[in-house]
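Q: A predicted structure for the sequence below; I have some questions about it.
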Amino acid sequence: MTTARTLTTVTVVGASLAGLHAARGLRSLGYDGRLVVVGEERHRPYDRPPLSKEFLTGDGDPGEGPGRLALTDPEEEAELDAEWLLGVRAEALDTAAGEIRLTGGRALRTDGVVIATGATPRTLPLPRLDGVHTLRTLDDATRLRAALRAGAARVVVIGAGFIGAEVASSCAALGLDVTVVEAAPLPLVPQLGEEMARVCAGLHARGGATLLCGTGVAGLRGSVRVTGVELTDGRVLPADVVVVGVGVRPVTGWLEGSGLALEDGVRCDEGCVTALPNVVAVGDVARLAQPGTARTVRAEHWTSGMLQGAVAARNLLAGATVEPFEALPYFWSDQYGARIQYAGRRASGDTVRIVEGAPADGGGFLAVYERGGISTAALGVDRPRPFMRLRRELARAPQPAGR
Amino acid sequence: MIPVCRIEDLPEGESLRVEAGDATVAIAVFHTDGAFYAIDDTCSHQDASLSDGWLEGCYVECPLHAALFDLRSGEPTCLPARKPVRTHAVTVVDGMLYVHPAVRTVPGEPVHAAPEEAVA
Ligand SMILES: Cc1cc2nc3c(=O)[nH]c(=O)nc-3n(C[C@H](O)[C@H](O)[C@H](O)COP(=O)(O)OP(=O)(O)OC[C@H]3O[C@@H](n4cnc5c(N)ncnc54)[C@H](O)[C@@H]3O)c2cc1C
Ligand code: FES
């Protein structure tokens, strides 16, 4: 078994939230060997959640680079004492040789690997036209921000998931005419269940955006620049800017042939460790075993990315899983002036009980999901304090069997 | 000096948000562990309101991403917050609670004395 003493070089692939937290974890646990961070983007780690929110609506010139979104500062970077290879892609992992191949054919010898390559937007089979955007990176957000300010009047957002809804909300706040197209009969049902999904879908109308559900996108109009979106029901929505927000897929292509199990993410045990004790995976790319069940889970939430870094670092240094990742799933979203917070593990069929406020009156509320008399999850809209109380109770409470 | 409330109106375990005199900054006032504390209301990580936070002894947990702040020093004790929030002095006079907002300084910039005419 690998032990802390035998690791002399650890390479973190993916210089974003989860990778940075793994690097922080390694150093804070006393790892003093060589630490290399490889990141495809040319930017230092920065925070993504604001990209669909304040960054799009903010005044003034956001400037070049992450600016206020930076996750580190020079002082911390000095403490981390890492070699940053930015604007460099890891192309392949050769676990037998202990090597990572980088863009340009260079090989990096390493005896510990943290896979933190996150996720990338899913695409639709649409022509590449100017004015069509996806949103994942700072560069994406900078382009979209500029496009929204370059005289665009009509925006069509394809996909009403959290990111789609946030982009739509930001566009509405900028005074643009916004239509959101969702193929499902109602957005967010897998995440929130039908009842609460309906409430959240109602935010679009309240914020002045139009939500069209149950219709797919048949194609785009326009030759060089997009001029409209053609729906499967035959309607055509005129558009100056189109944002495609139809979910993400984990970035695992570079791991093909590495021998690691890739199943919509990098398969690992409950402590972020892959079949190899010196290779761990964290954040949006990691698919973790769920102890006591046959299920595996991949979270696409900021808090999981942050917390998994520390757990994975400990297990990597120990050479085995000594600590499982057990944090209760949690995410938040800001839309149309409302702050949505969700924590827990609801399953389809759980019932919902409103414990505070009333969804209908628009002033915020707190809901609890239940199964067999046991709370499984909580949803709050503009109820930060009581939501947090519930989140803490849920984190302590036993979960219903079989999850 | 900003009047906050009568001390009986802020029971142990409770918090309150007040606007500072110039209204450019909100301050969170807490009653915990038998004492009153005041810190900047806006979390140093992003924009959550710390007066909505979870009180535990001399610590408050941010309601958005759970950073924990020491009310005595304003220092965060865990990520994701890395910068402190300002603390403000609190006094009680005749059963009335007051905060004394600290002067805002830009980190790294020297503090200049106000020009004569600007002094009230
Ligand atoms: C616009 C937006 C808004 C969001 N809002 C919220 C929110 O409100 N609440 C919430 O809970 N979550 C939110 N999220 C989700 C959250 O940001 C993610 O869960 C988090 O960023 C995951 O971090 P990560 O480090 O795992 O992956 P990522 O942040 O995706 O980082 C992966 C990094 O790896 C790099 N990389 C990929 N492949 C390679 C390679 N082969 N070689 C080198 N580098 C590589 C990528 O360039 C990228 O920088 C939001 C996400 C986005 C995009
Ligand atoms: S806003 Fe307080 S921890 Fe993030």
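A: The structure has been received and is ready for your questions. Ligands and ions are numbered 1, 2, ... in the order given.

Q: got any ranges where the chain has weak pLDDT?
A: All of this refers to chain A. Within chain A, the segments meeting pLDDT under 70 span A:1-5, A:398-403.

Q: not what I meant, chain B
A: Within chain B, the set of residues satisfying pLDDT under 70 comprises B:21-23, B:104-120.

Q: Do a quick rundown of the strands in it.
A: Remark: strands assigned in chain B by DSSP state E are B:2-6, B:15-19, B:26-32, B:35-40, B:54-56, B:59-61, B:68-70, B:87-93, B:96-100.

Q: Those strands into TSV, with extra columns for mean neighbour count?
A: All C-beta spots, glycine's among them, are computed from the backbone N, C-alpha and C. TSV is the format used below for these (neighbours: other CB atoms under 10 Å in any protein chain shown):
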stretch	mean neighbour count
strand B:2-6	15
strand B:15-19	18
strand B:26-32	22
strand B:35-40	22
strand B:54-56	18
strand B:59-61	21
strand B:68-70	21
strand B:87-93	15
strand B:96-100	18
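
Q: Just send those strands back as JSON lines, with distance to A:L69 too.
A: What follows is the strands of chain B, written out as JSON lines (distance: least, CB to CB, whole Å):
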{"stretch": "strand B:2-6", "distance to A:L69": "33"}
{"stretch": "strand B:15-19", "distance to A:L69": "26"}
{"stretch": "strand B:26-32", "distance to A:L69": "23"}
{"stretch": "strand B:35-40", "distance to A:L69": "21"}
{"stretch": "strand B:54-56", "distance to A:L69": "26"}
{"stretch": "strand B:59-61", "distance to A:L69": "23"}
{"stretch": "strand B:68-70", "distance to A:L69": "22"}
{"stretch": "strand B:87-93", "distance to A:L69": "27"}
{"stretch": "strand B:96-100", "distance to A:L69": "31"}
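
Q: Go through the ones you listed and name the closest to A:G259.
A: strand B:68-70 (41.0 Å; CB to CB).

Q: And chain A, is the closest one touching that?
A: No. Applying CB under 8 Å from any CB of the partner chain, one finds strand B:68-70 separated from chain A by no less than 12.2 Å.

Q: Contacts for that strand next, please.
A: Under the contact criterion CB atoms under 8 Å, 6 or more residues apart in numbering or on different chains, strand B:68-70 has outside partners B:39, B:43, B:50, B:53, B:58-62, B:75-78, B:81, B:84-85.

Q: which among these gets closest to A:V243?
A: When the contacts of strand B:68-70 are ranked by distance to A:V243 (CB to CB), B:C43 comes first, at 28.9 Å.

Q: ok, the closest one touching B:V85?
A: Yes. Here B:C43 reaches B:V85: they are 7.1 Å apart, a contact under CB atoms under 8 Å.

Q: Now the common contact residues for the two.
A: B:50, B:69.

Q: For A:L262, give me phi and psi.
A: Dihedral angles of A:L262 (phi, psi; degrees, to the nearest 10) stand at phi -120, psi 110.

Q: Which residues of chain B lie near chain A?
A: Chain B comes close to chain A at residues B:46, B:48-49, B:52-54, B:61, B:63-66, B:79-80, B:82, as judged by CB under 8 Å from any CB.

Q: Report the two of these separated the most.
A: Across these (CB to CB), the longest gap, 20.7 Å, separates B:D52 and B:R82.

Q: between the two, who's got more neighbours?
A: B:D52 (21 against 16; other CB atoms under 10 Å in any protein chain shown).

Q: Let me see the contact set for the nearest residue to the more buried one once chain neighbours are set aside.
A: Residue nearest to B:D52 in three dimensions, not counting chain neighbours: A:P384, with 4.2 Å by CB to CB, 6 or more residues apart in numbering or on different chains. Residues near A:P384 by CB under 8 Å, 6+ apart: A:339, A:341, B:48-49, B:52, B:63-64.

Q: ok so, going back, narrow the contacts of strand B:68-70 to just the buried residues.
A: Buried by 16 or more other CB atoms under 10 Å in any protein chain shown: B:39, B:43, B:50, B:53, B:59-62, B:75-76, B:81, B:85, out of those.

Q: In TSV, list these along with distance to ligand 1.
A: Below are these laid out as TSV (distance: CB to the nearest ligand atom, whole Å):
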residue	distance to ligand 1
B:I39	25
B:C43	15
B:L50	19
B:G53	18
B:Y59	23
B:V60	21
B:E61	17
B:C62	14
B:E75	25
B:P76	19
B:A81	16
B:V85	22
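
Q: dump the residue contacts of the residue in chain B that ligand 1 sits nearest to.
A: Per CB to the nearest ligand atom, B:H65 is where chain B lies closest to ligand 1, at 8.9 Å. Shown in contact with B:H65 (CB under 8 Å, 6+ apart): A:302-303, A:306, B:45-46, B:48, B:80-81.

Q: Nearest to A:Y369 among the residues you listed?
A: A:T303 (18.5 Å).

Q: the helices in the stretch 151-300 of chain A, which residues?
A: Assigned helices in the stretch 151-300 of chain A, in chain order: A:162-173, A:189-206 (criterion: DSSP state H, counting those that start in this stretch).

Q: closest one to ligand 1 among these?
A: Nearest to ligand 1, of all these, is helix A:162-173, at 5.2 Å by CB to the nearest ligand atom.

Q: Pick out the most distant pair among the buried ones among the contacts of strand B:68-70.
A: Taking CB to CB as the measure, the buried ones among the contacts of strand B:68-70 span a maximum distance of 14.9 Å, between B:G53 and B:E75.

Q: wait, doesn't A:A275 sit right on A:L262?
A: No. Applying CB under 8 Å as the test, A:A275 and A:L262 come out as separate, 11.4 Å apart.

Q: Look at the two and report which has more neighbours.
A: Under the neighbour definition other CB under 10 Å, A:A275 and A:L262 were set side by side, and A:L262 has more, 16 against 12.

Q: can you tell me how far the more buried one sits from ligand 1?
A: When distance is defined by CB to the nearest ligand atom, to the nearest Å, A:L262 is 13 Å away from ligand 1.

Q: So in terms of bridging, what pairs with the residue nearest the centre of chain B?
A: By CA atoms, centre = their mean, chain B has its centre lying nearest to B:I39, at 1.4 Å. Counting by DSSP bridges, B:I39 is bridged to B:A28, B:T87.

Q: Going by neighbour count, which residues of stretch A:59-76 are buried?
A: Buried, per 16+ other CB under 10 Å, within stretch A:59-76: A:62, A:66, A:69-72.

Q: Closest one to A:A184 out of these, please.
A: Set against A:A184, the nearest of the buried residues of stretch A:59-76 by CB to CB is A:L69 (31.3 Å).

Q: if I look at A:S304, how far off is A:Y330?
A: Remark: distance between A:S304 and A:Y330 (CB to CB, to the nearest Å) = 8 Å.
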